[in-house]
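Participant: Please find the sequence and the predicted model below.
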Amino acid sequence: MIDLKLLEKKAESGASYLDDYTQGLLNRGASTDTLDKIMLMANKRRETMTQAETAKANQNKLSGEVGQLKREGKDASAILSEVEKLKGSVKELETQAAQVDADVQQLLLTIPNKPHSSVPIGKTEKDNQIVKTVGEPTKFSFKALEHFDIGEKLNIIDFDRAGKVTGARFAFLKGAAAQLERALMQFMMDTHSNLHGYTEMIPPFIVNSQSLTGTGQFPKFKEDVFHLEGTDYYLIPTAEVPVTNYYYNETLAEADLPKSFCAYSPCFRSEAGSHGRDTKGLIRQHQFNKVELMTFCHPSESYETHEKLTSHAEKILAELNLPYRKMLLCTADMGFGASKTYDLEVWLPGQNSYREISSCSNFEDFQARRSNIRFKPKDGGKPQFVHTLNGSGLAVGRTLIAVLENYQKEDGSVEIPKVLRPYMGNKSSIT
RNA sequence: GGAGAAGUGGGAGAGUGGCUUAAUCCAAGUCUUUGCUAAAGACUCGUACUUACAAAAUAGGUACCGUGGGUUCAAAUCCCACCUUCUCCGCCA
């Protein structure tokens, strides 16, 4: 959620919507109409609230006098009848004020975060910038297969039966693929907790609507998550949701910051609107495993932390010896709540292209404001919102794809990356 | 799923209709006195929104005692629904 006060202040200070704050929102597609509407509503909100509060103050004063008189054993009927007359209008004003306030809040929830000044302005994903490329695209002396062909030949991935059991965009992993998936999860969790100092976490895989509002999925992207009918429960689209809301409505001590967690969870996405994209294989499934990195930190440290967090995700790719590149997303391609995002894209020889395998974002105080997560400054000042960051470290299913495709051999077998072998009974290949 | 109990400020814990943002204790902070790993005393000690002021400081107002409704001139206190926690029973990995 953006800061209404800041928005108002900027608007007052001249230049209307042309300053950096609102320009940032415009760059990523929030229309001036919405902003205008918010400003109007905010004014109306303040007016109605003032009226309602004044009326209520008046009523409270009279009620106080009634109490005073009763205690003294005197007659209060004159005031009582006076207050009786006020009652209706006070209530009406209060209802109005509550309504306008709720409307403003609702509208604010639909406005995306403001991009950081270092984010390139762009119109499509083509305007993303390559920050660096690590490793060379893997070369083969034979025609590289796509992961689903490798998987089906080795009889370790079964899409057809998943279609029977559930439906499209699900898969069974079996034998070595299941083992490899599990090895990857273990390897990632071990690396982040032991080497990078994250606190390991397995969160609930089901959350309520408040949590989804807190991280920014709701109200705008409701159709992308699976809803459990007849309840306020939803399957998580990412561990970011439960882990960020771990501190929902809490005020932390500054000394406790930063707090960092790495969380394993399956992720469930209905992917409404993506029909026809990546229909084959494991790339785009309704269910996939992911290891998520998440940090709550002091606002002054969040950009430094963003670099660090991204490097932790990169570490996994490096250890697996997978070629990848680091992209800085432009204003058009960033997620709704992000201020700045790096995507890590892994090389997939079967597809002959780089594909996203991790997305690392700084949300600044966008999520913290929605979830009311603050910290009390050491010097005793007012509580401030923390900054939240998260990134995949990594998407396990896509990592499995990357391993299969980059480590495939001409004879149809797949070599197991060295760092994973301890997790796979020290085997060196899948045959 | 059934029966019962409970949810109050950073923590503990009082408070059954008006004088209550809420006694008291602990923790925390500021100051004072004496002074060497301490003690005593005084004061302070919530959050959000909002009004006045150019702004800050400050002062006023409104709201908040699990959440949401309701009764009443007036609700932490009465009523209803829900949520959470605990205990017992049932069921279950």
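Facilitator: The structure has been received and is ready for your questions.

Participant: C-alpha from now on. contacts and neighbour counts both.
Facilitator: Will do.

Participant: Residue A:261 belongs to a strand?
Facilitator: Yes. Under DSSP: H, G, I helix; E, B strand; the rest coil, residue A:261 falls within a strand.

Participant: so who does the residue nearest to residue A:263 when sequence neighbours are not counted touch?
Facilitator: Nearest non-adjacent residue to residue A:263, counting by CA to CA, 6 or more residues apart in numbering: residue A:201, 4.6 Å away. Applying CA atoms under 8 Å, 6 or more residues apart in numbering, we find residue A:201 in contact with A:261, A:262, A:263, A:264.

Participant: so for stretch A:111-124, what's the average pLDDT?
Facilitator: Stretch A:111-124 carries an average pLDDT of 92.

Participant: I meant stretch A:211-223, not that one.
Facilitator: Stretch A:211-223 comes out at a mean pLDDT of 92.

Participant: which residues touch that stretch?
Facilitator: For stretch A:211-223, contacts defined as CA under 8 Å, 6+ apart pick out A:109-110, A:209, A:240-242, A:244-245, A:270, A:272, A:336-337, A:367-368, A:370-371.

Participant: Now, those that are in helices?
Facilitator: Those of the contacts of stretch A:211-223 mapping onto helices are A:209, A:240, A:241, A:242, A:244, A:367, A:368, A:370, A:371, per DSSP state H.

Participant: which of these has the most neighbours?
Facilitator: Within these, residue A:367 tops the neighbour count with 28 neighbours, counted by other CA atoms under 10 Å.

Participant: And that one, how far from RNA strand B?
Facilitator: Plainly put, residue A:367 is 15 Å away from RNA strand B if you go by CA to the nearest atom of the strand, to the nearest Å.

Participant: Was I right to think that residue contacts residue A:386?
Facilitator: No. In this structure, residue A:367 is not within contact of residue A:386 by CA atoms under 8 Å, at 9.0 Å.

Participant: element containing the closest residue to residue A:420 other than its chain neighbours, please.
Facilitator: Using CA to CA, 6+ apart and skipping residues adjacent in sequence, the residue nearest residue A:420 is residue A:183, 6.2 Å away. Using DSSP states H and E, residue A:183 maps to helix A:176-190.

Participant: avg pLDDT for the helix or strand following that helix?
Facilitator: Sequence-wise, the next helix or strand downstream of helix A:176-190 (DSSP H and E) is strand A:199-201. The average pLDDT for strand A:199-201 rounds to 95.

Participant: Strand A:199-201: partners in the sheet, and parallel or antiparallel?
Facilitator: strand A:259-268 (parallel) (DSSP bridges).

Participant: Now do the partner strand and helix A:176-190, the angle between them.
Facilitator: Here strand A:259-268 runs at an angle of 160 degrees relative to helix A:176-190 (axes from the mean of the first three to the mean of the last three CA atoms, to 10 degrees).

Participant: who's in contact with strand A:259-268?
Facilitator: A:185, A:189, A:192-193, A:197-203, A:205, A:225-226, A:235-239, A:243, A:286-297.

Participant: which ones among those residues come in contact with RNA strand B?
Facilitator: Among those, no residue lies close to RNA strand B (CA under 7 Å from any atom of the strand).

Participant: which bits of the stretch 1-150 of chain A sit near RNA strand B?
Facilitator: A:46-47, A:49-50, A:53-54, A:56-64, A:66-68, A:70-71, A:80, A:83-84, A:87.

Participant: Weed out the non-buried ones from the residues you listed.
Facilitator: A:49, A:56, A:59, A:62, A:63, A:66, A:83 (16 or more other CA atoms under 10 Å).

Participant: Show me what residue A:132 is bridged to.
Facilitator: Taking DSSP bridges, one finds residue A:326 as the beta-bridge partners of residue A:132.

Participant: Now do the contacts for it.
Facilitator: A:325, A:326, A:327.

Participant: Model confidence for the first one, exactly?
Facilitator: We have a pLDDT of 97 for residue A:325.

Participant: Quick check: closest non-adjacent residue to it.
Facilitator: residue A:133 (4.1 Å).

Participant: swap in the last one?
Facilitator: Using CA to CA, 6+ apart and skipping residues adjacent in sequence, the residue nearest residue A:327 is residue A:130, 4.6 Å away.

Participant: Correct me if wrong: that neighbour contacts residue A:328.
Facilitator: Yes. Contact between residue A:130 and residue A:328 holds when scored by CA under 8 Å: they sit 6.3 Å apart.

Participant: So the two - more neighbours on which side?
Facilitator: Set residue A:130 next to residue A:328 and count neighbours by other CA under 10 Å: residue A:328 wins out with 23 against 14.

Participant: which secondary structure element contains the residue in the stretch 101-250 of chain A that RNA strand B sits nearest to?
Facilitator: Minimum separation of the stretch 101-250 of chain A from RNA strand B (CA to the nearest atom of the strand) falls at residue A:101, amounting to 8.4 Å. Following DSSP H and E, one finds residue A:101 within helix A:77-108.

Participant: on contacts alone, who are the packing partners of that helix?
Facilitator: In terms of contacts (3 or more CA pairs under 8 Å, 6 or more residues apart in numbering; DSSP states H and E), helix A:77-108 is packed against helix A:32-71.

Participant: by contact count, what packs against the helix it packs on?
Facilitator: By 3+ CA pairs under 8 Å, 6+ apart, helix A:32-71 packs against helix A:77-108.

Participant: buried residues in the helix it packs on?
Facilitator: Applying 16+ other CA under 10 Å to helix A:77-108 flags A:83, A:90, A:93, A:94, A:96, A:97, A:100, A:101, A:103, A:104, A:107, A:108 as buried.

Participant: before we move on, what about stretch A:26-37?
Facilitator: A:26, A:27, A:28, A:30, A:35.

Participant: Could you check how far that stretch is from the centre of its chain?
Facilitator: 22 Å (CA atoms, centre = their mean, to the nearest Å).

Participant: can you list the residues that contact that stretch?
Facilitator: Taking CA under 8 Å, 6+ apart as the rule, stretch A:26-37 contacts A:17, A:25, A:111, A:112, A:114, A:115, A:121, A:122, A:331, A:332.

Participant: What is the nearest of these to residue A:253?
Facilitator: The nearest member of those to residue A:253, counting by CA to CA, is residue A:114 at 26.7 Å.

Participant: distance of the closest one from residue A:338?
Facilitator: Using CA to CA, to the nearest Å, one gets 8 Å for the distance from residue A:114 to residue A:338.
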